[in-house]
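S.K.: take this sequence and fold it.
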Amino acid sequence: MSMRKISLLITGAVALASGAVASAQTTAIMDGRVITVSGDVIEGGDVIISNGRITQVGADLSAPSGATVIDATGKVVTPGIIAPYSTIGLEEIGLDAEANDASPAREIGFPLGAALDAIDAYNPSSILIPINRAGGVTRALSTPEAGDSIFGGQAALIDLSGDVDSVMQPRVAQVAMLGFSGAARAGDTRMGAWAFIREYFDEARSYASNPNDYVRRSRDPRFSLSDLKALGPVVSGAQTVIISANSANDIRNVIRLKNRYRLKVVIVGGSEAWRVAEDLRNADIPVILDPLFNLPAQFEDLDATFANAGRLHDAGVTIGLYNPQGFAAHNLRTLTQQAGNAVANGLSYEGAMAALTLGPATMLGVDAQLGSIEAGKIADVVVWDGDPLEVTTQPEAVFINGVAQSLENRQTMLRDRYRDLSRGDLPHAYRGATK
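M.R.: Residues are numbered from 1 along each chain as shown. Presented below is the predicted three-dimensional model:
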C-alpha cells in the first residue's frame with residue numbers, strides 16, 4: 001500500500017472512531033467499488049459527501065480540502081439498506097407485552113385500527129437500532145401490526161441514527177390484513193374481510209367528502225371516526241396502503257380493489273406473487289417478500305418458492321425484502337443474507353441490490369432522495385469490507401444523513417466484555433461497564 005493510501009486510511013479511521021461528526025463536515029470515500037444501484041458499478045470510484053448530501057460520484061475525483069478521507073481500496077460502497085416492513089422501535093421483546101407496542105392484543109375488542117400511529121409508540125432509543133445499523137441498515141419503515149381490526153395503523157419511515165428527530169416521514173403508509181390474516185379478523189372468511197374493507201373505504205370516502213354532515217347524521221357504530229379520518233389519505237390516493245396477501249387469488253382481488261378505489265398499493269407477503277407477476281407489473285403494485293419462504297404454512301402458500309423474488313424481478317415488478325413475523329425488529333441486518341440467497345435462486349445481483357435499496361425507496365415514494373448513490377441524494381452510504389451479499393461481510397463505515405455512525409452496540413459490548421476470560425478483581429459481568 002502506498003504512503004498516500006496509508007495516510008488516507010488512518011485519517012478516515014480516526015475520524016470514524018471519534019463517533020458521529022457534525023453534518024456540515026465533508027467526507028471523501030476514495031478508490032472503492034461503488035455500487036450506485038441506479039447506474040453502472042464504478043471500479044476505483046469516489047463518493048464525496050457534504051452537508052448531509054452526496055455531492056459527487058465518479059472515478060479519479062479529488063478530495064475537497066479539509067475533508068475527512070476514507071481509503072476504500074478493496075472495499076465495496078453501497079447505498080444504505082432500507083427495510084420496507086419492520087416493527088423496529090415498536091417492539092423490543094416480542095413475548096413481553098410491556099416491551100411490545102407493535103400491535104393491540106387480539107380478541108379483547110379494542111375498537112381502533114387505522115387510526116393507530118407508529119410515531120406515538122416509536123422509541124428511537126431501542127437497543128435494536130444500533131444492532132441493525134451496524135449491519136448496514138440506515139432506514140426502515142416502522143410498521144404497526146393489526147389487532148382485532150384488519151387495519152394495523154399508520155407506519156413511519158425512520159432513520160437508524162437513534163436521534164430524537166429520526167422520524168423522516170410520519171404516516172407514510174397504512175397497513176391492512178387480507179387473505180387468511182384478514183379472514184381471521186372478519187368472521188373467519190375471506191368474504192367477510194373483503195366486504196369489511198370495501199365498507200370501510202366507502203365510509204371513509206363519505207366522511208372525507210363532508211365531515212361535518214357525516215358526524216351529524218345517524219351512522220353505523222362499527223365505523224370509528226378516528227379510523228375513517230385516518231383512511232382519508234388512502235382513499236384519496238395520497239397515502240400508500242400496504243396489504244398483506246399471499247395467494248394468487250387474493251392478490252388478484254387486491255388488484256381489483258386498487259382499480260376500484262384508485263389506491264396506491266404495496267403487497268407484503270406475496271408467497272404466490274410469482275404466479276401473477278405480469279398482472280402485478282401491469283397494475284404497478286410492488287411486493288415486499290421473504291425470499292427464504294418456500295414451505296407452505298397455510299393453503300394460501302401452496303405455491304411458495306425460493307424463485308419468487310427472481311421471477312417477480314424478471315417480470316418487471318418492484319420488490320423489497322422483509323423479515324418474517326418474529327424477526328421484524330431484531331434481524332433487519334440479515335436482509336443482505338436474504339438477498340444473497342435470492343441470488344442463489346435466480347434473482348440477478350443487480351436485482352438483489354435494488355431490492356435492498358432503490359426498490360424500497362421507490363415503493364415508499366422517497367426514491368428521489370434515497371436508494372442509490374447519486375449526486376444530490378441524502379448521504380446514506382455504507383462501506384463494506386467485501387461483497388455485501390456474503391454472510392461474512394461487515395460494514396466498516398455507515399453514514400446516515402452524511403453523518404458517520406457508531407458501529408458499537410449491545411452485542412459488540414458483550415463480545416468485548418467477555419473476550420478476556422482471565423481472572424480479575426471483578427466478575428466478568430462487571431468488567432468494562434461504563435454505561
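S.K.: strands along the stretch 301-435 of the chain, start to end?
M.R.: In the stretch 301-435 of the chain, the strands defined using DSSP state E, counting those that start in this stretch lie at 319-321, 381-384, 395-400, 403-404.
S.K.: any idea which of those is most buried?
M.R.: Neighbour counts (mean count of other CB atoms under 10 Å) averaged over each of the strands of the stretch 301-435 of the chain peak at strand 319-321, with a mean of 28. In this view, the C-beta of every residue, glycine as well, is placed from N, C-alpha and C.
S.K.: JSON lines for the strands of the stretch 301-435 of the chain, including mean pLDDT and distance to D213?
M.R.: Putting the strands of the stretch 301-435 of the chain into JSON lines (pLDDT from 0 to 100; distance: least, CB to CB, whole Å) gives the following:
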{"stretch": "strand 319-321", "mean pLDDT": "98", "distance to D213": "40"}
{"stretch": "strand 381-384", "mean pLDDT": "98", "distance to D213": "51"}
{"stretch": "strand 395-400", "mean pLDDT": "98", "distance to D213": "46"}
{"stretch": "strand 403-404", "mean pLDDT": "96", "distance to D213": "49"}
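S.K.: turn the ones you listed into CSV, columns for distance to L302.
M.R.: Shown next, in CSV, are these (distance: least, CB to CB, whole Å):
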stretch, distance to L302
strand 319-321, 21
strand 381-384, 38
strand 395-400, 38
strand 403-404, 47
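S.K.: tell me the SS of I158?
M.R.: strand (DSSP: H, G, I helix; E, B strand; the rest coil).
S.K.: no no, V37
M.R.: Under three-state DSSP, V37 falls in the coil class.
S.K.: pull the contacting residues for it.
M.R.: T78, P79, E350, M353, A354, T357, L358, G371, S372, I373 (CB atoms under 8 Å, 6 or more residues apart in numbering).
S.K.: which of those are buried, as a PyMOL select command?
M.R.: Applying 16 or more other CB atoms under 10 Å to the contacts of V37, the buried members can be selected in PyMOL as follows:
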select buried, resi 78+79+353+354+357+358+371+372+373
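S.K.: would you turn the contacts of V37 into TSV with distance to S406 and pLDDT?
M.R.: Listed next are the contacts of V37 as TSV, based on distance: CB to CB, whole Å; pLDDT from 0 to 100:
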residue	distance to S406	pLDDT
T78	19	98
P79	20	98
E350	31	98
M353	25	98
A354	28	98
T357	22	98
L358	26	98
G371	24	98
S372	25	98
I373	22	98
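S.K.: to G365, which of the strands of the stretch 301-435 of the chain lies closest?
M.R.: Nearest to G365 among the strands of the stretch 301-435 of the chain is strand 319-321; the distance by CB to CB comes to 12.9 Å.
S.K.: so which of the contacts of V37 sit within helices?
M.R.: E350, M353, A354, L358 (DSSP state H).
S.K.: in those residues, find the pair that's most separated.
M.R.: Of all pairs in the ones in helices among the contacts of V37, the most separated under CB to CB is E350 and L358 at 10.2 Å.
S.K.: so which residue is smack in the middle of this structure?
M.R.: Central residue of the chain (CA atoms, centre = their mean): A83, 1.7 Å from the mean position.
S.K.: and I243, bridged to which residues?
M.R.: A176, I267 (DSSP bridges).
S.K.: can you tell me how far it is from P211?
M.R.: As judged by CB to CB, to the nearest Å, I243 and P211 stand 26 Å apart.
S.K.: among those two, which residue is more densely surrounded?
M.R.: I243 (28 against 14; other CB atoms under 10 Å).
S.K.: could you list every residue that touches the more buried one?
M.R.: Going by CB under 8 Å, 6+ apart, I243 touches A176, M177, L178, V254, L257, V265, V266, I267, V268.
S.K.: same thing but 6 Å
M.R.: Neighbour list for I243: A176, L178, V254, I267 [criterion: CB atoms under 6 Å, 6 or more residues apart in numbering].
S.K.: for A140, state which of these is nearest.
M.R.: Closest to A140, out of all of the contacts of I243 and judged by CB to CB, is I267, at 18.4 Å.
S.K.: wait, doesn't the closest one sit right on S247?
M.R.: No. Using CB atoms under 6 Å as the test, I267 is too far from S247 to be in contact (11.2 Å).
S.K.: three-state assignment of W194?
M.R.: In three-state terms, and counting by three-state DSSP, W194 is helix.
S.K.: how does the protein divide into domains?
M.R.: For the chain, the structural domains run 3-79+382-412, 81-365, going by automatic domain parsing.
S.K.: pull the distance from the longest one to the chain's centre.
M.R.: Just to be clear, that refers to domain 81-365. On the basis of CA atoms, centre = their mean, to the nearest Å, domain 81-365 sits 11 Å off its chain's mean C-alpha point.
S.K.: got the end-to-end distance for it?
M.R.: 16 Å (CA to CA, to the nearest Å).
S.K.: the residue nearest to D227 when sequence neighbours are not counted: how many residues sit nearby?
M.R.: Among residues not flanking D227 along the chain, A114 sits closest, at 4.1 Å (CB to CB, 6 or more residues apart in numbering). By other CB under 10 Å, 28 other residues sit near A114.
S.K.: pretty sure A114 is in a helix, no?
M.R.: No. Applying three-state DSSP, one finds A114 to be coil, outside a helix.
S.K.: please give me every residue in contact with it.
M.R.: Neighbouring residues of A114 by CB under 6 Å, 6+ apart: F151, D227, A230, L231.
S.K.: nearest to H313, of those?
M.R.: For the contacts of A114, the nearest to H313 is F151 (29.5 Å; CB to CB).
S.K.: quick one on the thing from earlier: let me know which of the domains of the chain is tucked in deepest.
M.R.: Compared across the domains of the chain, domain 81-365 shows the largest average neighbour count, a mean of 20 (mean count of other CB under 10 Å).
S.K.: which residue is the nearest non-sequential neighbour of E199?
M.R.: Nearest residue to E199 in three dimensions, chain neighbours excluded: F223, at 7.8 Å (CB to CB, 6+ apart).
S.K.: G32 too?
M.R.: Distances taken as CB to CB, 6+ apart place A72 nearest to G32, at 2.9 Å, with adjacent residues excluded.
S.K.: again, but for I131
M.R.: Using CB to CB, 6+ apart, the closest residue to I131 is N409 (4.6 Å).
S.K.: for P111, same thing?
M.R.: Ranked by CB to CB, 6+ apart and with sequence neighbours excluded, the top spatial neighbour of P111 is S224, at 5.8 Å.
S.K.: follow-up on the earlier one: surely the residue nearest to E199 is within a helix?
M.R.: No. Looking at F223 with three-state DSSP, it is coil, so not inside a helix.
S.K.: picking that back up, TSV for the contacts of A114, including pLDDT, secondary structure and distance to G182?
M.R.: Below are these laid out as TSV (pLDDT from 0 to 100; DSSP: H, G, I helix; E, B strand; the rest coil; distance: CB to CB, whole Å):
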residue	pLDDT	secondary structure	distance to G182
F151	96	strand	10
D227	95	helix	15
A230	97	helix	18
L231	97	helix	15
